[in-house]
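Student: build me a model from this:
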Amino acid sequence: SGTTITISWILPQGVTGKIYDIITGSLVADTMINSGSILVSQPTVFTSLFMRINYVAIPSQPVLLTPLNGSSSVSVTPMLDWSDVTSATSYRLQVSTDSNFSTTSYNDSTLVSSQYQVLAGLLSNQTKYYWRVSAKNSAGVSAYSSKFNFTTIAALPIAPTLLLPVNNATNIVLPVVMDW
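Tutor: Now for the predicted structure:
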């Protein structure tokens, strides 16, 4: 009608926009994403609207750094480290004993740092693990990094229990018989 207009948009993935009144600087339409429309019923702004477009690209895939692919005798609490990805706001880290990641030992999509110290109890000794990382921002999620694997260190043997001679024994006859 003569006193209203409808502004419609279809924006590609990663593009957001806002509509402002050039004269007053006031915001007419808040964040515009994907597709939508707004009904403007302020005749004074019809000739003074502008749209500010922001483009955020989907982040590139991270590059795994350490532990190196194929490493062995890795601690069961390793520091997993990958490259920082420009524009990433979070990362998803997956660790699995399955090279296809159909099950995971660890799966977290809320990491904000490009490294993760594995907590005690998450990994087992003498086990082969695979790991990968993706990056995320408001535009979307990157492809996963290449897949690395590492094998954790063997468990330490259980300390023996000393049976003979008994603790703090004195006047022991030589040769000493030791038993554990």
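
Student: I'd say residue 162 and residue 168 touch.
Tutor: No. Proximity of residue 162 to residue 168 does not meet the contact threshold set by Cβ atoms under 8 Å, at 11.6 Å. C-beta here means a position set from N, CA and C on the backbone, and glycine is covered the same way.

Student: tell me which of those two has more neighbours.
Tutor: Relative neighbour count places residue 162 above the other of residue 162 and residue 168, with 11 against 5, counting by other Cβ atoms under 10 Å.

Student: now the more buried one: closest residue in space that isn't a chain neighbour?
Tutor: Of all residues beyond its chain neighbours, the one nearest residue 162 is residue 180 (5.0 Å), with distances taken as Cβ to Cβ, 6 or more residues apart in numbering.

Student: mean confidence score for the one helix or strand residue 130 maps to?
Tutor: Under DSSP states H and E, the secondary-structure element containing residue 130 is strand 128-137. In this model, strand 128-137 carries a mean pLDDT of 97.

Student: starting at the chain centroid, how far to the helix or strand just after that strand?
Tutor: Using DSSP H and E, the next helix or strand after strand 128-137 towards the C-terminus is strand 140-141. Distance, stretch centre to chain centre, for strand 140-141: 12 Å (Cα atoms, centre = their mean, to the nearest Å).

Student: tell me which element residue 98 is part of?
Tutor: Applying DSSP H and E as the criterion places residue 98 outside every helix and strand.

Student: cool, residue 28 as well?
Tutor: Element membership for residue 28, per DSSP H and E: strand 27-32.
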